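Asks: For reference, the sequence and a predicted model appear below.
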Amino acid sequence: MLSRIHSCLSNSPVYRATAGLTRKHGRLPVIAATAAAIGVIGATVVASTTPWTQALGSAAHTAAHTAAHTAGTDAPFAPSATHGAAATGGMQLDALRSAATSGSTAVFPAVSKPVQTKPAHHKPATAAAASRDVATASTAVKPAAAVKPAAGAKAAAAAKAAAGAKAATAAKAKAVAHVKAVAHVKARAAVVAKAKAAAAKKAKPYLIYDSVTPSALPTDKAAAVYSNGAYAASASQMAHQKHNVLWIDTNGSNPNANVLDVEPGDATPAGAAAWVQQRLSAHPHDVAIVYTMRSAWGDVQNHVGHLPSWMQHKVRYWIADPTGNPHIVPGSDATQWYWGQSVDITTANPSLTR
């Protein structure tokens, strides 16, 4: 049934005319053409715009004209059925147009309200403008974004350069201070060496007086007395002396004494080595003086030669060679050259007590 109705409608001149209008006017739905052709439009349509009114009027006029023309082809008057249909269609379209003009509202069955959109030609312009805006904004932002990292890198480079310059200055100052310190040490060493040389040059051999009678010794001269044995002296007897007094051990029993007497009746050459070891062990920063005859000196040296080398370097030799003439036996530190009845006299180098 529906297929036959549709076949009849599609052959209708009104339907064809209305369908042609819908192709020219995109806003006129096909359902309107069908409704106009069968004359059954029973509702009103929202038609507030002129294009809808004009489209509906044109559809009615074209449909009527086409029907009349078709009918007039064969006879002066169209068949009553066709004429009635055309007239009815025209009346219905007039009513539809009138409703559209007066602003009445009508709803086509199962037809949605057409959506009005802006002309397509506005979109490209809008999109182009938007693209230009975006491009402009991007162009404006990029330099700022690029400048900031560049400024940061420049500041970092400047800070690094300043730190390097500061470190270089500190290193240079440190090097200068080191050079000054080394120069100061060298200058001080030179001064000390010069002072020692001057003191050694100024220091001359001096005389030492020794006796078994302490009261016979001059008070303003270097003196030597016995610390033990038959002629031992007391500290009170030597209190008046203005110089340091050398204390002599006669038998090797007193390592605190300054000198060991090695001669017949006193300490032996072998005993000399034992005494040196005891004294230097007790007083490692002092020296050990060995007094002996020139004839026994070699034997004493042989026994002392068995001691550690550092002890041998601290041994000083006081040699008895009573010629009556002031002199120092080569290799010795002091030489007793005069034997008197109450006092003996010795010439000594400064090395004797150092």
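Replies: Noted; the coordinates are in hand.

Asks: so who does Gln301 touch?
Replies: By CB atoms under 8 Å, 6 or more residues apart in numbering, Gln301 lies in contact with Tyr317. (C-beta placed from N, C-alpha, C; glycine too.)

Asks: secondary structure element for it?
Replies: When secondary structure is defined using DSSP states H and E, the element that contains Gln301 is helix 297-304.

Asks: next SSE after that helix?
Replies: Past helix 297-304, further along toward the C-terminus, the next helix or strand under DSSP H and E is helix 309-312.

Asks: Please save the CA atoms from the helix or strand just after that following helix in PDB.
Replies: Under the assignment DSSP H and E, the closest C-terminal helix or strand after helix 309-312 is strand 315-320. Once side chains and other backbone atoms are set aside, the C-alpha atoms of strand 315-320 remain, and they are given as PDB (Å, rounded to 0.1, in the frame of the first residue of the first chain):
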ATOM      1  CA  VAL A 315     133.100  12.100  73.200                       C
ATOM      2  CA  ARG A 316     135.600  14.900  73.800                       C
ATOM      3  CA  TYR A 317     139.400  14.300  74.500                       C
ATOM      4  CA  TRP A 318     141.400  16.200  77.100                       C
ATOM      5  CA  ILE A 319     145.100  15.200  76.600                       C
ATOM      6  CA  ALA A 320     147.900  15.700  79.100                       C
END
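
Asks: Identify the residues contacting the helix or strand just after strand 315-320?
Replies: Past strand 315-320, heading to the C-terminal end, the next element that is a helix or strand (DSSP H and E) is strand 334-339. Contacts of strand 334-339 with the rest of the structure, by CB under 8 Å, 6+ apart, involve 208, 210, 291, 316-329, 344-349, 352.

Asks: ok, now with 6 Å
Replies: 318-323, 326-329, 344-348, 352 (CB atoms under 6 Å, 6 or more residues apart in numbering).

Asks: now, among these, which is nearest to Asn244?
Replies: Sorting the contacts of strand 334-339 by distance to Asn244 puts Leu352 at the head of the list, at 11.5 Å, by CB to CB.

Asks: Can you list phi and psi of the closest one for me?
Replies: Listed backbone geometry of Leu352 is phi -60, psi -40, with angles given as degrees, to the nearest 10.

Asks: Now it: closest residue in space that isn't a chain neighbour?
Replies: Of all residues not flanking Leu352 in the chain, Asp333 sits nearest, at 4.2 Å (CB to CB, 6 or more residues apart in numbering).

Asks: ok, the one you found touching Pro350?
Replies: No. Under the criterion of CB atoms under 6 Å, Asp333 lies out of contact with Pro350, with a separation of 8.9 Å.

Asks: Looking at those two, which has the bigger crowd around it?
Replies: The residue with more neighbours, out of Asp333 and Pro350, is Asp333; 21 against 14, by other CB atoms under 10 Å.

Asks: Please, where are all the helices along this structure?
Replies: Chain-ordered helices for the chain, with DSSP state H as the definition, fall at 2-10, 13-24, 30-38, 50-74, 80-102, 122-202, 269-282, 297-304, 309-312.

Asks: ok so, going back, tell me the buried residues in the helix holding Gln301?
Replies: Neighbour-count burial for helix 297-304 flags 297, 299-301, 303-304 (criterion: 16 or more other CB atoms under 10 Å).

Asks: mind exporting it as CSV, just the C-alpha atoms?
Replies: Coordinates of the C-alpha atoms in helix 297-304 are reproduced here as CSV (Å, rounded to 0.1, in the frame of the first residue of the first chain):
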residue,chain,number,x,y,z
TRP,A,297,145.0,8.1,74.2
GLY,A,298,145.1,5.4,71.4
ASP,A,299,144.1,2.6,73.8
VAL,A,300,141.1,4.7,75.1
GLN,A,301,140.0,5.4,71.5
ASN,A,302,140.0,1.7,70.7
HIS,A,303,137.6,0.9,73.5
VAL,A,304,135.3,3.9,72.8
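
Asks: how much does it deviate in direction from strand 315-320?
Replies: Here helix 297-304 points in a direction 160 degrees away from that of strand 315-320 (axes from the mean of the first three to the mean of the last three CA atoms, to 10 degrees).

Asks: the inter-axis angle of helix 297-304 versus helix 269-282?
Replies: On the basis of the same axes, to 10 degrees, helix 297-304 is oriented at 50 degrees to helix 269-282.

Asks: For helix 297-304, the averaged confidence score.
Replies: Over the span of helix 297-304, the pLDDT mean works out to 98.

Asks: what do you get for stretch 234-250?
Replies: When the per-residue pLDDT values of stretch 234-250 are averaged, the result is 95.

Asks: got the end-to-end distance for it?
Replies: 15 Å (CA to CA, to the nearest Å).

Asks: oh, and call the first residue 56 from now on, that's how I've got it
Replies: Shifting the count to begin at 56 puts that one at stretch 289-305.

Asks: Could you count how many residues lie near Gly360?
Replies: Counted with other CB under 10 Å, the neighbours of Gly360 add up to 11.

Asks: Could you measure from it over to Val331?
Replies: Per CB to CB, to the nearest Å, Gly360 is found 11 Å from Val331.

Asks: Next: Ala278.
Replies: Distance from Ala278 to Val331, by CB to CB: 23 Å.

Asks: what does Lys369 give?
Replies: Distance, Lys369 to Val331, by CB to CB: 8 Å.
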